[in-house]
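# sequence plus the predicted model coming up.
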Amino acid sequence: MTVVSLALNGRHVSADVEPRTHLADFIRDTQNLTGTHLGCEHGVCGACTVLVDGVPVRSCITFAVTCAGASVTTIEGLDDDETGAELRAAFTREHALQCGYCTPGMLISARDVVLRAEAPDEHAIRVAMSGNLCRCTGYVGIVRAIQSVIADRRARGIAAVTGAGRTALGPAGAGHGAVVAASAVQLGSGKTLIAAQAAAPEELADWKPQASFEKSFVVSYPIEKVWNLFSDTAEVASCLPGASLTGDTGARNVTGKMRIKVGPIAADFHGSAVIDREPATKSGTIEGSGRDPRSSSATRGLIRYRLLPQGADATKVELDVGYRLTGPLAQFSRSDLVNDIAGRMIEAFVQNIEARLSGVATNTATELNAGNLIFSVLLARIRAGLRRLFGRENH
Amino acid sequence: MKPVNFDFARPSDLPAAIALASREDAIVKFIAGGQSLGPMLNLRLVQPNLLVDITGIAELKRVEETPDALELGSCITHADIEDGRVPDVTGGAMRAVAAGIAYRAVRNRGTIGGSLAHADPSADWLSALAALGAQAIVRGAHKERQIPVDTLMTGVFECSLESGELLSGVEIPRLSKSARWGYYKHCRKTGELAHAIAAFLHDPDRSVCRAVIGATGSKPIVLSDASVLIGKGPDHALDRAAIERAMTGHGMTDPIEQQIHFVCLRRAVQQAYRP
């Protein structure tokens, strides 16, 4: 817990909160100011917009602790604000709200537009307000209300001010807080938690893939040699940095885990797989499932692979991957990003296979790669993990 | 939609921040404005043990202008650039890019360094600064090094920063008076992360003619000598076949993707040569 003190609507307030408490929860839960609304809680809808050091900020993706010492103004703090009062009258007159859920954020953003934009046309107002979503009005009344307040103020000789008068550099709200040292206690407890949650492998049951894709790569060795390597589960796993098998690696059913890191996303998938091989056609299937205890996300995947001779000295490996993902990470997926990650994984995988076939010991360290066992797990996680976020607007 | 319960530190200088990031007993993330990391934390895609707030470090808000370049600390925000609170050496190019990033409430906290280090293929600064020929300044425990922004990103969310390194700033070369700049991005909704980006810089006095195709789902495609792709006529027609070959060579094979990115590039070039 950390004591966060800041100026809220001109009043000094202070509360003992967890560092993960975002500014909106700080305002609503510790100060009982519930005019600030939470909509999407990941920076898309704008309902939670408040003023921090005089400029609009999304309070759901701004942690209270990062605003220590800042000046925060919520909708309640605009009661006596001249622009706020003019906007309230205009919103009423133009029917710029219906259910009112977006209105506190709308008014905060609208006030900023009124202060900063000298003479915006309708399009410019719509662009400037595009970070605040309203599902009732169709925006016509909101745009008209803002337009009328701007016209009125300019007629009274009140000019727009660049940046609403802000002079400080850096993120709004930052730069006031004192030095905070990390407390060692919490770090330790976080780690213990992960170890304690190590998940049991999931039973494989009937399931259908949510999505699928195909990939292929070429290994510069004859098909017999590559097939021999593919027939050895332990060998394949050793070519997959981040993958490790537990228990009997020669069995049809194997268990293992996969450590994955893509940028800031890190996860340990624990799971099991059933491996079938068809020597006659040099093909096989791997059907697996896994769970990341940190995110409680689970995935299932089915990989079909086939080896084809590519001339006398090379082998083409074709993969057909189908998967399904549930849990928090399922909120995302964007296929172009998955392709990039799959491409990088395969590149490293091929390097390791070729190194192994040439007799050189493989590097086992790097985290980004695909286990034969968990190949689909990783891909599914990444694919599902990325879509939603990147289909949306976060910067 | 609450993050995992992480620990928090706010050091006052760079060595302290770098020392925290070098810890091996924890997953440590730097946070500046948190406008990309915040949603990922709320969605629990990112589950750090320790968050290190770098906005209290004065050096990261530095602004140094020389005859040849402008150096910005990594905690300078998009709004700082948009509003002209920092000098501009790009003839307005950076102000225009900044003004088009997400929404004003995001620009008030989102930072130029955070955007680069986060390495989202669809974010604006990676493509724009790559085209402008900027350098990322990276500070580690023992040394400082520079990485050209056009090679900074290695893949989705990955850039060539090593563990324990912090992107401390960006150096942007001063464009000459005759420089031409165009930037076009395709978003289906205003402010969302782009589906396609194109940036184009022609600065004949410095012998630069560079085009960048971004939002590719991976690294931006850098065409370091774009002059060979542009017709000499008044319509500045592009060599579509050559550009498509470059796209295909970078793994962008979907004809629809190619079309969208090509149109963005054409519009960026037209914008640059607009009388």
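All right, it came through fine.

# what's the longest helix seen in chain B in contact with?
If you go by DSSP state H, chain B has its longest helix at helix B:255-272. Here helix B:255-272 makes contact (Cβ atoms under 8 Å, 6 or more residues apart in numbering or on different chains) with A:336, B:180-186, B:195-202, B:211, B:213, B:215-216, B:230, B:236, B:238, B:240, B:243-244, B:247-248, B:252. Glycine gets a C-beta too; all of them are placed from N, C-alpha and C.

# select only the buried ones of these in PyMOL?
Selection of buried members from the contacts of helix B:255-272 for PyMOL, criterion 16 or more other Cβ atoms under 10 Å in any protein chain shown:
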select buried, (chain A and resi 336) or (chain B and resi 180+181+182+183+184+185+195+196+197+198+199+200+201+202+211+213+215+216+230+238+243+244+247+252)
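
# of the contacts of helix B:255-272, which belong to strands?
Judged by DSSP state E, the contacts of helix B:255-272 include B:180-186, B:196-202, B:211, B:213 as members of strands.

# chain B: strands as residue ranges?
Using DSSP E, strands in chain B cover B:7-9, B:28-31, B:50-53, B:63-65, B:69-73, B:135-139, B:144-148, B:153-155, B:158-159, B:166-173, B:180-186, B:196-203, B:208-214, B:221-223.

# so which strand or helix has the residue lying closest to A:Thr49 once chain neighbours are set aside?
The shortest distance from A:Thr49 to any non-neighbouring residue, by Cβ to Cβ, 6 or more residues apart in numbering or on different chains, is to A:Gly105 (3.9 Å). Element membership for A:Gly105, per DSSP states H and E: helix A:103-116.

# show me what that helix is packed against.
Judged by 3 or more Cβ pairs under 8 Å, 6 or more residues apart in numbering or on different chains; DSSP states H and E, the packing partners of helix A:103-116 are strand A:49-52, strand A:55-58, helix A:82-94, helix A:122-128, helix A:140-155, helix B:104-107.

# isn't B:Arg104 up against A:Gly131?
Yes - when contacts are counted by Cβ atoms under 8 Å, B:Arg104 is listed as touching A:Gly131 (6.8 Å).

# any residues in contact with both of the two?
A:Ser109.

# low-confidence regions, chain A specifically.
Counting by pLDDT under 70, chain A has low-confidence residues at A:183-206, A:241, A:260, A:325, A:327-343, A:345, A:360-395.

# so the residue of it most remote from its centre versus A:Cys102, what's the distance?
Farthest-out residue of chain A from its mean C-alpha position, per Cα atoms, centre = their mean: A:Arg156, at 46.0 Å. Separation of A:Arg156 from A:Cys102 (Cβ to Cβ, to the nearest Å): 28 Å.

# what of A:Cys40?
Counting by Cβ to Cβ, the gap from A:Cys40 to A:Cys102 is 11 Å.

# do the same with A:Val55
In terms of Cβ to Cβ, A:Val55 sits 19 Å off from A:Cys102.

# next one: A:Val350
With the distance defined as Cβ to Cβ, A:Val350 ends up 51 Å from A:Cys102.

# next, the contact list for the nearest residue to A:Thr162 once chain neighbours are set aside, please.
The shortest distance from A:Thr162 to any non-neighbouring residue, by Cβ to Cβ, 6+ apart, is to B:Asp83 (5.2 Å). By Cβ under 8 Å, 6+ apart, the contact list for B:Asp83 reads A:Thr162, A:Gly163, A:Arg166.

# narrow these to those in strands?
Nothing among the contacts of B:Asp83 maps onto strands, per DSSP E.

# if we only consider those residues, which is nearest to B:Glu162?
Nearest to B:Glu162 among these is A:Arg166, at 35.0 Å by Cβ to Cβ.

# what's the neighbour count on the residue lying closest to the closest one once chain neighbours are set aside?
Spatially, and ignoring its direct neighbours in sequence, A:Arg166 is nearest to A:Val55 (5.6 Å; Cβ to Cβ, 6+ apart). A:Val55 has 26 neighbouring residues, counting by other Cβ atoms under 10 Å in any protein chain shown.

# likewise B:Ser115?
Around B:Ser115 there are 28 other residues, counting by other Cβ under 10 Å.

# quick check, pLDDT for it.
Note on B:Ser115: pLDDT of 97.

# ok, now which ones touch it?
Going by Cβ under 8 Å, 6+ apart, B:Ser115 touches A:His395, B:Ser36, B:His78, B:Ile101, B:Ala123, B:Asp124, B:Trp125, B:Leu126.

# let's see which of those residues end up in helices.
Per DSSP H, helices hold the following members of those: B:His78, B:Asp124, B:Trp125, B:Leu126.

# separation between the last one and chain A?
Spelled out, that is B:Leu126. In this view, B:Leu126 and chain A are 11 Å apart by Cβ to the nearest Cβ, to the nearest Å.

# pretty sure that residue contacts B:Ala119?
Yes - in this structure, B:Leu126 is within contact of B:Ala119 by Cβ under 8 Å, at 6.9 Å.

# spit out the contact partners of the closest residue in space to A:Phe63 that isn't next to it in sequence.
The shortest distance from A:Phe63 to any non-neighbouring residue, by Cβ to Cβ, 6+ apart, is to A:His22 (5.5 Å). A:His22 makes contacts with A:Ser59, A:Cys60, A:Ile61, A:Thr62, A:Phe63, A:Ala64, B:Gly38, B:Asn42, as judged by Cβ under 8 Å, 6+ apart.
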